[in-house]
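K.L.:
got a sequence here, can you model it:
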Amino acid sequence: MDKKKISELRQFYHEQLLDDCIPFWMKSDLLDKEYGGYISSVDREGKCYNDDKSVWFAGRGLWTFSALCNRYGKRDEWVEAAKLGKDFLEKYCVDSDGRMFFQTTRDGRPLRKRRYMFSESFYVVGMAEYGAAMDDEDALEKAEACFDLMLRMYNDPSVDPFKITPKSYASTRSERAAAVPMVMVSSAQILRRCIPEKAAYYSEIVKQMADDIFKYHYKPDMQCSLETVRSDGGFIDNPAGRTVNPGHSMENSWFLMNEGIYSGDKEIIDKALKLLDWMLELGWDKEYGGFYYYVDIKGRPCEQLEYDMKLWWVHNEALIATLMAYGLTKDEKYWQWFERIHEYAFSHFHDKEYGEWYGYLHRDGTVSHTQKGSMWKGPYHLPRALMTCEKLLSMLENDEPIKPVL
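P.N.:
Prediction:
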């Protein structure tokens, strides 16, 4: 591979992060200096259109600003931004049972709470990254305690006080969702890096979760990873059971590659590469380019009306996964995929006038929503991808072996 090209791309990702993406958010209405936390629902220019707050983004934003400090040095504005997220999380976002809310008012009053542990997972990664960046033992201990709660919920979701109304009647059809062990993997990997003296403990948990992903969701006979399966991993022949989410699968593939690099486990890497290969073939829109949001593995109609839209975060994960795969294998097909995804993403999602990325495109690549942030989109997937791709490109530029990035 041409070193000059790699060097140019590394610099490009660096500039996109620090001269485009992060400045957009710092100039936007994101940082709430009156009540704390983040107002992630902003329009194309960064102006607030909904001041209710996403608890996901209290944790995600905390991770991003803390990670910037860890990777690029402590700038006062990033430290302040991280502290806004940490303080809001601690003051308003934890319910009396130890679980997290999903959405609050601007001033912190609870609005919604969800059954899955995603708010908790983002609390964990945010507090862990902050603790490592700021040498804050209290933040690290809170991250560990919340992860322990997640682990208890995962191993026995019926136990009080964590019992919540199930999505469906388990006595009729008991199901499991792929996204749950996936976030457990990434949370444990970040805790392991931030609390190195407990690396062995968190490595055991990562192995447990990876084993569950491969046991229940990873389907070589169908060449996919299924989002929803029976509790024993059995196939459910309905729209939910046939659903493949290429973005989740590619995100999971690089989490698993990351684990294989850390542990030296070639089998995990090989399975992760197969998962990526399946998604590159299944998920890519051969007519218009870009990745579908959802695919029915049997080619039946998708229930999700947005199935053929192109979402920003899916392409963020694809960039990381293909670049990591190239770094591990030096197989040119992964570099070609990385360049193809890079060209599509920056020519369609990037707003060259106001900065940052649009989140949602129609199938043909035209912009569907001009918003830059929502309850789900904010400074997380894109800055994480820019940081991670810069790091991987730096390793390639310097002929270094690929090292863990989480």
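K.L.:
where does pLDDT dip in the stretch 51-200 of the chain?
P.N.:
The model of the stretch 51-200 of the chain has pLDDT under 70 over residues 159-172.
K.L.:
show me the strands in the stretch 1-150 of the chain, by range?
P.N.:
For the stretch 1-150 of the chain, the strands defined by DSSP state E, counting those that start in this stretch cover 53-54, 103-104, 110-112.
K.L.:
kindly report the same for the stretch 201-350 of the chain.
P.N.:
Here the stretch 201-350 of the chain has its strands, by DSSP E, counting those that start in this stretch, at 218-219, 224-225, 228-230, 243-244, 295-296, 310-311.
K.L.:
pLDDT on the longest one, on average?
P.N.:
It stands for strand 228-230. In this model, strand 228-230 has a mean pLDDT of 97.
K.L.:
contact partners of it?
P.N.:
173-178, 216-217, 235-236, 240-241, 243 (C-beta atoms under 8 Å, 6 or more residues apart in numbering). C-beta: built from backbone N, CA, C; applies to glycine.
K.L.:
what subset of those is buried?
P.N.:
Neighbour counting over the contacts of strand 228-230 (16 or more other C-beta atoms under 10 Å) leaves 175-178, 216-217, 235, 240-241, 243 as the buried ones.
K.L.:
to residue 152, which of the strands of the stretch 201-350 of the chain lies closest?
P.N.:
Closest of the strands of the stretch 201-350 of the chain to residue 152 is strand 228-230, at 22.2 Å (criterion: C-beta to C-beta).
K.L.:
what's the spacing between the closest one and its chain's center?
P.N.:
Relative to its parent chain, strand 228-230 has a centroid offset of 21 Å by C-alpha atoms, centre = their mean, to the nearest Å.
K.L.:
and that strand, what's buried?
P.N.:
Going by neighbour count (16+ other C-beta under 10 Å), the buried part of strand 228-230 is 228-229.
K.L.:
in stretch 358-372, which residues are buried?
P.N.:
Buried-residue list, stretch 358-372, by 16+ other C-beta under 10 Å: 358-361, 363, 371-372.
K.L.:
show me the two of these that sit farthest apart.
P.N.:
Pairwise across those, and taking C-beta to C-beta, the largest span is found between 363 and 372, at 20.9 Å.
K.L.:
wait, doesn't residue 78 sit right on residue 68?
P.N.:
Yes - using C-beta atoms under 8 Å, residue 78 makes contact with residue 68 at a distance of 4.9 Å.
K.L.:
tell me which of those two has more neighbours.
P.N.:
Comparing residue 78 with residue 68 by other C-beta atoms under 10 Å, the one with more neighbours is residue 68, at 25 against 21.
K.L.:
so what's the more buried one up against?
P.N.:
Neighbour list for residue 68: 22, 75, 78, 383, 387 [criterion: C-beta under 8 Å, 6+ apart].
K.L.:
again, only using 6 Å
P.N.:
When contacts are counted by C-beta atoms under 6 Å, 6 or more residues apart in numbering, residue 68 touches residue 78.
K.L.:
next one: residue 255
P.N.:
Taking C-beta under 6 Å, 6+ apart as the contact definition, residue 255 lies against 185-186.
K.L.:
tell me which of the strands of the stretch 201-350 of the chain sits nearest to residue 3.
P.N.:
The nearest among the strands of the stretch 201-350 of the chain, by C-beta to C-beta, is strand 310-311 at 31.7 Å.
K.L.:
need the helices for the stretch 251-400 of the chain, in chain order.
P.N.:
Remark: helices assigned in the stretch 251-400 of the chain by DSSP state H, counting those that start in this stretch are 266-283, 312-329, 332-348, 381-397.
K.L.:
quick one, phi/psi of the nearest residue to residue 304 once chain neighbours are set aside?
P.N.:
Nearest residue to residue 304, sequence neighbours excluded (C-beta to C-beta, 6 or more residues apart in numbering): residue 294, at 4.9 Å. Torsion angles at residue 294 (phi, psi; degrees, to the nearest 10) stand at phi -130, psi 150.
K.L.:
ok, now which ones touch residue 294?
P.N.:
Contact analysis of residue 294 by C-beta under 6 Å, 6+ apart lists 243, 245, 302, 304, 307.
K.L.:
ok, those vs residue 15, which is closest?
P.N.:
The shortest approach to residue 15 among these belongs to residue 245, at 30.8 Å (C-beta to C-beta).
K.L.:
you'd agree the closest one is up against residue 227?
P.N.:
Yes - the pair residue 245 / residue 227 is scored as a contact, 5.3 Å apart, by C-beta atoms under 6 Å.
K.L.:
the two - which one has more neighbours?
P.N.:
Comparing residue 245 with residue 227 by neighbour count (other C-beta under 10 Å), the higher total belongs to residue 245, at 26 against 20.
K.L.:
so who does residue 9 touch?
P.N.:
residue 393.
K.L.:
from residue 393, how far out is residue 14?
P.N.:
Distance from residue 14 to residue 393, counting by C-beta to C-beta, to the nearest Å: 9 Å.
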